[in-house]
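# Give me a 3D structure for the following:
(2 chains)
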There are 2 protein chains.
Amino acid sequence: MKRILLVVTVATFTMNFAQADGAADYAAGGCANCHGITGVSVIQIYPNLSGQNSAYTVKQLKDFQTGVRKDPTMNAMSKIVAGKEQSIADFLATQK
Amino acid sequence: MKRILLVVTVATFTMNFAQADGAADYAAGGCANCHGITGVSVIQIYPNLSGQNSAYTVKQLKDFQTGVRKDPTMNAMSKIVAGKEQSIADFLATQK
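I've put the predicted structure just below:
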């Protein structure tokens, strides 16, 4: 029983740690400037990202990086968060 | 006072009518097959569209139609809903 509790505790801690990483990566990437602190955009032409499926967000970031998806701002911004796609996407998926 | 009430009633009716149109256009376009009945996708790689900014959704549909944004499925599907971009986008923006 103690072992199970320990595993649950570690899993919970890891999850919270990953989310905190994602929030920091999102903030550091300057994403909030257009997409809002929690992924709710203030400007209509920018997409809301809160609650978005993480696999979709990761793919879009990579498509912007490689130029498969074209947008002058995002082609540049996506490169700033290279390697942090998953943590940012996981953070956004948890936001409302 | 009566005139104000009438205006409010007409405005409300028009809004509901537009939303009903959007729901029908969204359904008729086959959008729900991938994006869910209310814009919440069941499959992770497809984006959630519920609550999305309507101006953003309209732009994406038009970009898919013209091929500015490339995705084999959406390049085809977006053409089915030509002329209905705004009503669909307005419907999705109201969904949770």
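# wait, what's in contact with the closest residue to residue A:44 other than its chain neighbours?
Closest residue in space to residue A:44, ignoring its immediate chain neighbours: residue B:55 at 4.0 Å, by Cβ to Cβ, 6 or more residues apart in numbering or on different chains. Backbone N, C-alpha and C define where each C-beta goes, glycine included. The neighbourhood of residue B:55, defined by Cβ atoms under 8 Å, 6 or more residues apart in numbering or on different chains, consists of A:44-45, B:89.
# Can you say which of the residues you listed are buried?
Neighbour-count burial (16 or more other Cβ atoms under 10 Å in any protein chain shown) applied to the contacts of residue B:55 gives residue B:89.
# Next to chain B, which bits of chain A? Give me the list.
Within chain A, the positions lying close to chain B (Cβ under 8 Å from any Cβ of the partner chain) are A:41, A:44-48, A:51-56, A:59, A:68-70.
# Show me these that map onto helices.
Counting by DSSP state H, the part of the residues of chain A next to chain B found in helices is A:54-56, A:59.
# So which residues of chain A form helices?
Using DSSP H, helices in chain A cover A:2-28, A:32-35, A:54-66, A:72-80, A:85-94.
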